[in-house]
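A.B. asks: fold the following and give me the result.
(2 chains)
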Amino acid sequence: GEDVEQSLFLSVREGDSSVINCTYTDSSSTYLYWYKQEPGAGLQLLTYIFSNMDMKQDQRLTVLLNKKDKHLSLRIADTQTGDSAIYFCAESRGAGANNLFFGTGTRLTVIP
Amino acid sequence: SQTIHQWPATLVQPVGSPLSLECTVEGTSNPNLYWYRQAAGRGLQLLFYSVGIGQISSEVPQNLSASRPQDRQFILSSKKLLLSDSGFYLCAWSVVRGFTGELFFGEGSRLTVL
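C.D. replies: Predicted coordinates for the structure are as follows:
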């Protein structure tokens, strides 16, 4: 299938905002997700957004969805060193996890 | 609460040797189970998934196989490893009914084939 695209690296200073971008492929995807992978560990679901929403906010996290451009972003306010991780976006192209497609992941490095 | 464990965490194997990675889930019954591979600079690639004992679906033709001998046990195997099999392997589980996209991942197994 077509690739879900993300930039590979992002560096920000502690206290600044981070914005991680993702371009997905299927305009009919129902859910879009952000997963976080801390060093040497598996992925954990961070947040998700349903396709009929434009924005979702959860504490320091803001997810923006532009369906027209098939663009998803994750903004982390007041970025902390503990936010350093790889962030994966994923789109659900159909029912079941076998229709869940992940991006390449963006490695976020927070500089103290 | 549910937990998922996979082992070994790190493995260094010569080309042509066999492979067995194990994954077990506790605290849930009849989960869907998955094996993913994460290669550097590439997204997670779904290798196999299973909806029940003995039921395996392969997403990508390759040198690997999977088995589910028990409800909460998922095994990734190879008879003869290739250099290209190196990578970070992740086991995951999900609920069967009402799946909303949340996968629960194990800690991962890093395989280096020399």
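A.B. asks: show me what contacts residue 51?
C.D. replies: Using chain A here. Neighbour list for A:Ser51: A:29-32, A:65, A:67 [criterion: CB atoms under 8 Å, 6 or more residues apart in numbering or on different chains]. C-beta: built from backbone N, CA, C; applies to glycine.
A.B. asks: sorry, I should have been clearer: chain B.
C.D. replies: B:Val51 touches B:32, B:57, B:96, counting by CB under 8 Å, 6+ apart.
A.B. asks: strands paired with the helix or strand hosting it, and their directions?
C.D. replies: Using DSSP states H and E, B:Val51 sits within strand B:44-52. The strands that strand B:44-52 pairs with in its sheet are strand B:32-38 (antiparallel), strand B:55-58 (antiparallel) (by DSSP bridges).
A.B. asks: possible to save the contacts of B:Val51 as JSON lines with pLDDT?
C.D. replies: Converted to JSON lines, the contacts of B:Val51 look like this (pLDDT from 0 to 100):
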{"residue": "B:Asn32", "pLDDT": "93"}
{"residue": "B:Ser57", "pLDDT": "91"}
{"residue": "B:Val96", "pLDDT": "79"}
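A.B. asks: ok, and the most crowded of those residues?
C.D. replies: B:Asn32 (19 neighbours; other CB atoms under 10 Å in any protein chain shown).
A.B. asks: that one touches B:Val25, doesn't it?
C.D. replies: No: using CB atoms under 8 Å, B:Asn32 makes no contact with B:Val25, being 10.2 Å away.
A.B. asks: near residue 78, how many other residues are there?
C.D. replies: Unless you meant another one, I'm taking chain A. A:Asp78, neighbours per other CB under 10 Å, totals 11.
A.B. asks: wrong one, chain B
C.D. replies: With other CB under 10 Å as criterion, B:Ser78 counts 20.
A.B. asks: for it, which non-adjacent residue is closest in space?
C.D. replies: Leaving out its chain neighbours, the residue that sits closest to B:Ser78 by CB to CB, 6 or more residues apart in numbering or on different chains is B:Leu19, at 4.1 Å.
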